[in-house]
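In: predicted coordinates and the sequence they were generated for:
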Amino acid sequence: DIVMTQSPDSLAVSLGERATINCKSSQSVLYNSNNKNYFAWYQQKPGQPPKLLFYSASTRASGVPDRFSGSGSGTDFTLTISSLQAEDVAVYYCQQYYTNTRTFGQGTKVEIK
Amino acid sequence: EVQLVETGGGLVQPGGSLRLSCAASGFTFSNYWMSWVRQAPGKGLEWLAKIKQDGSEKYYVDSVKGRFTISRDNAQKSLYLQMNSLRAEDSAVYYCARDLCGALTCAGYDAFDIWGQGTIITVSS
């Protein structure tokens, strides 16, 4: 199975500042025939199910604010919140869907400093 | 409104069985690959199983293979998870989730765009 490793496990950022989360996969999730990364980011707030933020590594899901951005390819990916808002406090998960057995990263908790 | 609603959770003894249901509404259920994902208390997300639009293909994570069975009834717009030989470590919130791609040509490699609210399973004596 592909192992997804996020860093850091948690981070505290001041309101209005940038937050950056990294995710590394144990093997490439880039499908060469269509040049798409089979990779997604989710946001989960307490007591709620996860919410899709990005798919194909950098395609923003419907309704996601543009202060969120996704980047990366192959094995290394980044989620950036350009200006942290109070409502962005959550746990963020990466996921690969390159294989039939999909795997998630362990999660990164984002808090306000 | 596009919606998934899980039911069937509860308290079960170790070694027992439980069947979860996920009722879909607001979309053409039979066009989508569907999955089950769980989250143990205070832990991360674990994908468990997925099923093809017509039910002809099923895939499982190793930790539940042979104990859990995913199935669907497209006429009833419902997804199921039969869980047998339950263990304490199966205690979690169980979510059903829909693949982003909604066409019969979709191959089952996609992100999850719709999630249910989850149902809680507690395995304890």
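Out: Structure's in. What do you need? None of the values given here were measured: they were computed from a predicted structure.

In: center of chain B - which residue?
Out: residue B:36 (2.6 Å; C-alpha atoms, centre = their mean).

In: can I get the strand or helix carrying that one in PDB? Just the C-alpha atoms.
Out: Using DSSP states H and E, residue B:36 maps to strand B:34-39. Extracted in PDB, the C-alpha atoms of strand B:34-39 (Å, rounded to 0.1, in the frame of the first residue of the first chain):
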ATOM      1  CA  MET B  34     -19.000   4.200  -3.300                       C
ATOM      2  CA  SER B  35     -16.800   3.700  -0.300                       C
ATOM      3  CA  TRP B  36     -16.800   3.200   3.400                       C
ATOM      4  CA  VAL B  37     -14.300   5.100   5.600                       C
ATOM      5  CA  ARG B  38     -13.900   5.000   9.300                       C
ATOM      6  CA  GLN B  39     -12.300   7.100  12.000                       C
END
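
In: for that strand, packing partners?
Out: strand B:18-25, strand B:45-51, strand B:68-73, strand B:78-83, strand B:92-99, strand B:112-115 (3 or more C-beta pairs under 8 Å, 6 or more residues apart in numbering or on different chains; DSSP states H and E). Where C-beta positions appear, they are placed from N, C-alpha and C, glycine not excepted.

In: need the ones you listed in CSV (columns: mean pLDDT).
Out: Formatted as CSV, these follow (pLDDT from 0 to 100):
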stretch, mean pLDDT
strand B:18-25, 98
strand B:45-51, 98
strand B:68-73, 98
strand B:78-83, 98
strand B:92-99, 98
strand B:112-115, 98
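
In: make a markdown table out of those and add mean neighbour count and distance to chain A.
Out: As requested, those are exported to a markdown table (neighbours: other C-beta atoms under 10 Å in any protein chain shown; distance: least, C-beta to the nearest C-beta, whole Å):
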| stretch | mean neighbour count | distance to chain A |
| --- | --- | --- |
| strand B:18-25 | 19 | 12 |
| strand B:45-51 | 23 | 4 |
| strand B:68-73 | 18 | 13 |
| strand B:78-83 | 21 | 15 |
| strand B:92-99 | 24 | 6 |
| strand B:112-115 | 22 | 4 |
